[in-house]
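Chemist: mind looking at a prediction? Sequence and model below.
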Amino acid sequence: MHRRSQFILRRHLSHLHFHSGEPASHTFPRSIPPPCSTAISFRVCDSIPPMATFGLADYDDLLRGCTRRRAIKEGRVIHAHMIKSHFVTSVRLANRLLVMYVKGGSLEDARQVLDGMSQRDVISWTAMMSGYSQHGRSFEALEQLPRMLRTGATVHRRRLGSADVDSVAYLRGNGQLRHLESSGCLGSPEAPQMVNIRSILPNEYTLATVLPSCTGHSGQDHGRQIHSLAVKSNFDSHMFVGSSLLDMYSKVGEVKDARRVFNMLPHRDVVSCTAIISGYAQSGLDEEALKVFQQLQREGMECNYVTFVSLLTAIAGLAALDFGRQVHGLVIRSELLFYVVLDNSLIDMYSKCGSLKHSRRVFDNMPERSVISWNTMLMGYGKHGLGREVVQLFKSMFREVKPNGVTFLAVLSGCSHGGLIDEGLDIFGYMVSDQRLKPEIGHYGCLVDLLGRAGRIEEALDVIKNMPYEPTSALWNSLLGACRLHAKISIGEVVARKLLDMEPDNASNYVILSNIYAASGRWQDVARVRESMKLKKLTKEPGRSSIQLDKVMHIFFSSDRSHPRRKEIFDKITEVCERIKAAGYVPDLSCVLHDVDDEQKESILLGHSEKLAIAFGLMGNACRESIRITKNLRICIDCHNFAKYVSNVYQMEISLRDSSRFHLVAGGACSCGDYW
DNA sequence: ATAGGGTTAG
């Protein structure tokens, strides 16, 4: 390279530091900058003399530097210079450019490079797919795979000498090829020959890259096709491909297939184990997730923060506080603290296990918080019915982060659960007018819930009618719950019929409708609904909630029959329960426990399984507020979470596997005002 | 020059 031109180019790029002094690791994962404009800047390099010549190695060096530092602007200057000086490039160098744009997040530029290449190899395609995949552009990522496989058609090729196809200009689209041809750069100008180039096959990199894009409706279809490609090319037991495969299967809901792939792996590493843990956790098979982790521990495998994040999700699902605390201890000992994502998971785990104190402690000790940290904390308060804390925390988050859509979901549902009707309405207005966020259907759902709980059914109905979305069945269900709670029989009937129209095969809709008829004494209508249920063969589901308080009691005591004060406690609980029922409220075991004095409560909790204790401990926090709300506003507490714990308990104690039924019964019963 | 697992909400 000429000294002078080297000097000139370096001076243009003088603000870049191409020495290797990069900090090795970052405490927080660094995000990729947003895509840049697609225009390749010719203007910037106008002052670089076009006669300046650089060698392949020089460009290679410069582009590598740009890629590493995500210096896309400077990369563009180099790219433009390559074009201007008619540099004959190679596939290798074109790939450098492509990767530079991909890593810099400028996918449109990368695509331009790819499409302009007259010759591409598996790396070119993989790099492009990686770009699309990492930016959530799954469709485009997958789209490249058949394009790549089709490339092996017959092509014109001139004799190129030793440099072979690598020397073909990739810049055909920019008119470079003609120039190269006329200047004789492409070897002796003999007649072009037709050459068959073999189809470019995916390698292990390609497969591992595209598999995460197999999501959504056709995800499983695509995933299985790619799996078969992997089998054909013998990459299906490759560690990277395998963990992508098993992750793909668990994400499309085929955990069994995920496990099959996991078992086929030649060995296990942290990533594949984490993938299966996360798969189990996401499918609700929390105990399976824990088992894998325990096995991992026994094998002495080193965990990283992603493993813990996945594990904490499973622990949160089980409400296993003690185990969660142990894992928190492990996290501290692994010196993995101060990963925002990990701390967020800890906050969530503690709040779902009922220990808001611990949640808050983690939250307060974070050196840096993301919007998810705030949202998780807000959710925690909301689920426990602590509306005031929700609003207070919401007000203080602005100095640190900007709230997003999920924030408002958390705050609105927090207000709803906490009985803060006017505050909730204010915040919805604030969201729309001040924050200029377009409410999603979920936000309208919160609004409906908020108004419904307060008995403002007509207003809730207005919201549904005027919102710019088609109401979902969940939304109608929420309104229906409110109708039952406030004895709005006529609106309730309309809503229930609507639900039945939307989901004619959902047994619980028949149950709801017949309950409404029963509530207004229309027994003939009840019989008609039951009859149509029978015709549809939907009668297997219980007609009413089959979980009775006394059954819970039975299980509650069966695990500790020898407790000295068993009888006394039982009597006390029964008495309180009767009192609540007599007052016209729905008894909830957690409310009952609240009224038992501390010593008795402790003796109950101590003698029983961890899950049960935690479940009640959690609702003990929540019910303080809910009893107040129930009494002041005559609205029912939200039992969604509690239903989850009850189902856990039941599964454990009487080994009933059908948890969805318990969710349905326990959750449905609460919103319908039935006794469980 | 290309590669795998992660957090809130419903």
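Modeler: Yep, it's here.
Chemist: stretch A:97-112 and DNA strand B, are they touching?
Modeler: Yes: using CB under 7 Å from any atom of the strand as the criterion, contacts between stretch A:97-112 and DNA strand B involve A:V99. In short, each C-beta sits where N, CA and C put it, glycine included.
Chemist: make that stretch A:427-446, sorry
Modeler: Yes: interface with DNA strand B: stretch A:427-446 contributes A:G442, A:G445 (CB under 7 Å from any atom of the strand).
Chemist: mind listing what's buried in that stretch?
Modeler: Using 16 or more other CB atoms under 10 Å as the burial criterion, the residues of stretch A:427-446 that qualify are A:I427, A:F428, A:M431, A:L437, A:P439, A:G442, A:H443, A:Y444, A:G445, A:C446.
Chemist: tabulate the CA atom coordinates of it in CSV.
Modeler: Provided in CSV are the C-alpha atoms of stretch A:427-446 (Å, rounded to 0.1, in the frame of the first residue of the first chain):
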residue,chain,number,x,y,z
ILE,A,427,-53.6,7.1,34.9
PHE,A,428,-55.2,5.7,31.8
GLY,A,429,-56.0,9.3,30.7
TYR,A,430,-52.4,10.2,31.5
MET,A,431,-51.1,7.3,29.4
VAL,A,432,-53.1,8.4,26.4
SER,A,433,-52.7,12.2,26.5
ASP,A,434,-49.4,12.8,28.2
GLN,A,435,-47.3,9.8,27.4
ARG,A,436,-49.0,9.4,24.0
LEU,A,437,-49.0,5.7,24.2
LYS,A,438,-51.6,3.9,22.1
PRO,A,439,-53.5,1.6,24.5
GLU,A,440,-53.5,-2.0,23.6
ILE,A,441,-56.4,-4.3,24.1
GLY,A,442,-54.9,-5.3,27.4
HIS,A,443,-55.1,-1.8,28.7
TYR,A,444,-58.8,-1.6,27.8
GLY,A,445,-59.1,-4.9,29.6
CYS,A,446,-57.7,-3.3,32.8
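Chemist: hmm, who's touching it?
Modeler: Defining contact as CB atoms under 8 Å, 6 or more residues apart in numbering, one finds that stretch A:427-446 is touched by A:391, A:394, A:403-405, A:408-409, A:411-413, A:415-416, A:424, A:447, A:463-464, A:467, A:469, A:472, A:474-475, A:478.
Chemist: can you say which of these are buried?
Modeler: By the neighbour-count criterion of 16+ other CB under 10 Å, these include these buried positions: A:391, A:394, A:403, A:405, A:408-409, A:411-413, A:415-416, A:424, A:447, A:463-464, A:467, A:475, A:478.
Chemist: sort out for me which of those are in strands.
Modeler: Nothing among the buried ones among the contacts of stretch A:427-446 maps onto strands, per DSSP state E.
Chemist: so which of those would count as near DNA strand B as well?
Modeler: Of the buried ones among the contacts of stretch A:427-446, the ones that also sit near DNA strand B (CB under 7 Å from any atom of the strand) are A:L409, A:S413.
Chemist: just the strands in chain A please.
Modeler: Secondary structure of chain A (DSSP E): strands at A:154-157, A:193-196.
Chemist: what about the residue nearest to A:Y205 when sequence neighbours are not counted, how many neighbours?
Modeler: Counting by CB to CB, 6 or more residues apart in numbering, A:T126 is the residue found nearest to A:Y205 once chain neighbours are left out, at 5.0 Å. Residue crowding around A:T126 was assessed by other CB atoms under 10 Å; the count is 27.
Chemist: coming back round to it: Throw the buried residues of stretch A:427-446 into CSV and include pLDDT, thanks.
Modeler: Conversion of those to CSV gives the following (pLDDT from 0 to 100):
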residue, pLDDT
A:I427, 97
A:F428, 96
A:M431, 96
A:L437, 94
A:P439, 96
A:G442, 95
A:H443, 96
A:Y444, 96
A:G445, 95
A:C446, 95
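Chemist: mean pLDDT for the strands of chain A: which is lowest?
Modeler: Here the lowest mean pLDDT among the strands of chain A goes to strand A:154-157, at a mean of 44.
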